[in-house]
Each structure stands twice: as structure tokens, then as C-alpha cells.
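In: Below are the sequence and a predicted model; questions follow.
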Amino acid sequence: MSQPLLAVEGLRTHFHTDEGTVRAVDGIDFEVHRGETVCIVGESGSGKTVASETITQLIPSPPGEIAGGTITFDGEDITNLSEKRLRTIRGGRIGHVFQNPQGALNPVYTVGWQIVEAVQLHSDLSRDDARRKAIDLLDRVGIPEASARFDDYPHEFSGGMKQRIVIAMALASEPDLLIADEPTTALDVTIQAQILRLLQDLQEEFDMAILLITHDLGVVAEIADRVVVMYAGKVMEAGDVYRIFEDPAHPYTRALLDCLPGRGGDTRSIGGSLPDPTDPPDGCRFAARCPHAVEDCHVGDQPPMYDVGPGDHEVSCVHFAPGGDPSVVLGSDQSVETSAGRADGGRPESGPSEGGESR
Ligand SMILES: Nc1ncnc2c1ncn2[C@@H]1O[C@H](COP(=O)(O)OP(=O)(O)OP(=O)(O)O)[C@@H](O)[C@H]1O
Ligand code: NI
């Protein structure tokens, strides 16, 4: 494969707090190639936002710290870039739509002014040309009568429109990579769909890569080329979106998918909770909640990423190690295991019953 646009290798982002060191991101690898959409999924608290905000060093430091690893963007190591150099990348070649869009717009300036600023920061367009470009951007993100609304203030727009404006701002520099952190979570379903379609259209138009963070697997199915499944600061599984949905390998991914309506699951969430991020367990971080955990799962480090094949698909699970027995997880059929979602953690009687239960 060609050189990735973004390569994250061995990344660790920790926070030093009174309660101990929060290992929010604890050694993860992933890549984003030009023009593709990579989705990071995982439960709340698994480190998705911290991982994405570490890329352009948006993590408050202290208490945050990049404790290890490298971030390479377009061939350049940007892990320890100076603030000055970073400013040309952040909001320039890398656009960012934050999880909380409220903070992204300044209430005391008109939206037009703010987008013009964003355009001018990364181009040498004249004020007039920047204004034309800003109106064009507002128009493209679907703000009706964009030129008439140019001088309106953020509070004069609805939540969905504000989010479109935030996206327009992130696009103002024509970024090579757009990082979008739960860009539609706060919005109603119709507007969510519109904004996702909009991102896809703009992606094609600008030949832009998208790193989308979400815990909505419905969104992932619709928009992703590749998926990275995070849990407790680690990557559990990664690969082509079709592989992840058709042949999910990690018990965690399978449990997540099980929560999707129409996949046979009857649960809203996975039983149990994330481990203490200041004191993660040995072995696989999901082992305590995993219906397939064996002794090996509780010792050593998180298992390495094993190839699941065919194609682009890797999983961090001992059952997929060379010589392991994936059928422990996969069972004899491909129906998604549902036990992980049961509040009592019980296994369905009909499920695969080879040894290895954690209880
Ligand atoms: N400034 C901070 N200080 C201490 N801990 C932090 C800080 N920011 C994040 N964390 C911790 O890092 C871990 C990962 O948080 P993160 O926000 O990345 O999760 P997430 O996967 O984005 O979750 P969500 O889906 O809720 O957005 C959590 O345990 C969180 O409490
Ligand atoms: Ni988040």
C-alpha cells in the first residue's frame, strides 16, 4: 500500500491525576490513507477522543502527556512538533470537528467573520475572495441563503445548522484530513443522515481523508472504509468495514455489533464496565467481560494484532493466534454471540460450549 497520510504507531497518551496515571490511550496503531474514511468505534471512555486529539497535540499538558509512540503525517513525524509548526497543520492540513461543537463557534462574532478568519489563516486570499469562499462553503454545507445569513451570529442558527457551520469552518483550509469526533451525536436522525451524506460528498470533492469517531455502528456501516475498534485504551480489532461487519472476530466487536438493532441482539449495552484506566488488568483488557476468556487472556500484555484474513483484518485476541482456535469465539455458525450483553453475564445454552468461560 502507498504511504499512509496518517500513521499512528505505539501511541500512548496518559494523564497524571491525583487518582493516579490515567492510561487513556495505551499503545495503539492505526493508519489513514488519502481519501479514505476510517471510523474509530468503542464504548464511552475507551480513548477515542484522546487518541484523535493527540494527533495535533490538543491534549492539555499537564495533566496530559504523550508517553510514547509516534504520529506521522504525510511522511513527517509530527509527534513533538513545535506549537508554531503545529499551527500550520492544525486547522490547516488537518481539520477538526470537536465532540462538543458549542465551543467551536465564538458567540460574539458573526459566523461569516469566523469562517473568513479560518479561510485567511491558511491561504493568502484577499478579504473579498475569502468572503466569497466562506459564502460558498456555507452554501455547500447546506446553509440556505448563505450570503444573507453571513452576518448572523451563532445563536441565530439551530443546532443542526450550527454543526454545519462548524464543519464549514473545519473545511475552510481544504484539509487533507478531517477529524470528526461524534459530529452528529447531538442531532436528530434526519439531520444526522444529511450531515453524513454531506461529509461524503465533500470528501469526494476535496479528496479528503476522514477520521470519524463514533459509537454509532449504524453510522460506521454507512460511511466507513475501514474500522478501528478501541477498548480501554487499546485497539481490539481493525480492518475493512465489510470484514468487521460480516466476520467480526474480537468478542468485544461481536458484543458491540450485537447491540445493533436487527442483528439478533436483545441488549442495549454490554454487561460490565471498562476497567479502571489508572490500573488496567494484565492480558486482554476485555477479558473480565469476555464470555470466551481463558487463562492466557489474563496474563502478559494485550495480545498482538493477529491477521484474520482474507484481506485487511486484524484482531488482538489469543484465540486468533497461530495455533489458536477461533471457533471458540466464532462458534460453528456466524450468528453473533449474545451472551456478552446479558446483565447476568450468562451464556446462552445453545452457544458454543468448549471450555474457556471466565466464570
Ligand atoms: N483531561 C483529562 N484528565 C484526566 N483523564 C482524562 C482527561 N481527558 C480524558 N480522560 C480520560 O481518558 C479516558 C478516555 O477518554 P475519551 O474521552 O478519549 O473517551 P471516548 O472514547 O472519546 O469516550 P466518549 O465516547 O464518551 O466520547 C477516560 O477514562 C477519560 O476519563
Ligand atoms: Ni469522545
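Out: Good, I have the coordinates. Only a predicted model underlies this, so the values are computations on that prediction, with no experimental measurement involved. Numbering: from 1, shown residues only. Ligands and ions are numbered 1, 2, ... in the order given.
In: And the strands in the stretch 101-250 of the chain, which stretches?
Out: For the stretch 101-250 of the chain, the strands defined by DSSP state E, counting those that start in this stretch cover 177-181, 209-213, 226-231, 234-240.
In: Those strands: which one's closest to Gly159?
Out: Closest approach to Gly159 among these (C-beta to C-beta): strand 177-181, 15.9 Å. Any C-beta I mention is one placed from the backbone N, CA and C, and that applies to glycine too.
In: Show me what that closest one is packed against.
Out: For strand 177-181, the packing partners by 3 or more C-beta pairs under 8 Å, 6 or more residues apart in numbering; DSSP states H and E come out as helix 48-55, strand 94-97, helix 159-171, helix 189-206, strand 209-213.
In: Spell out which parts of the protein neighbour ligand 1.
Out: Applying C-beta under 6 Å from any ligand atom, one finds that the chain approaches ligand 1 through 15, 17, 22, 24, 42, 44-50, 60, 63-64, 99, 215, 277.
In: Within reach of ligand 2, which of those residues are there?
Out: 48-49, 99 (C-beta under 5 Å from the ion).
In: who's in contact with the helix or strand bottoming out on mean pLDDT in the chain?
Out: Ranked by mean pLDDT, DSSP states H and E, the helix or strand of the chain with the weakest confidence is helix 189-206, at a mean of 85. Helix 189-206 is contacted by residues 35, 37, 140-142, 160, 163-164, 167, 171, 174-175, 178, 180, 183-184, 187, 208-210, 212, 219, 222-223 when judged by C-beta atoms under 8 Å, 6 or more residues apart in numbering.
In: Make a ChimeraX selection of whichever of those residues turn out to be buried.
Out: To isolate in ChimeraX the members of those that are buried, counting by 16 or more other C-beta atoms under 10 Å, one can use:
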select :37,140,141,142,160,163,164,167,171,174,175,178,180,183,184,187,208,209,210,212,219,222,223
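In: in its sheet, what does the host helix or strand of Ile71 sit against?
Out: Element membership for Ile71 (DSSP states H and E) is strand 64-73. Next to strand 64-73 in the sheet, as set by DSSP bridges, lie strand 6-17 (antiparallel), strand 76-77 (antiparallel).
In: relative to strand 177-181, how tilted is that strand?
Out: 140 degrees (axes from the mean of the first three to the mean of the last three C-alpha atoms, to 10 degrees).
In: is Thr17 in a bridge, and if so with what?
Out: Assigned bridge partners for Thr17, using DSSP bridges, are Gly20.
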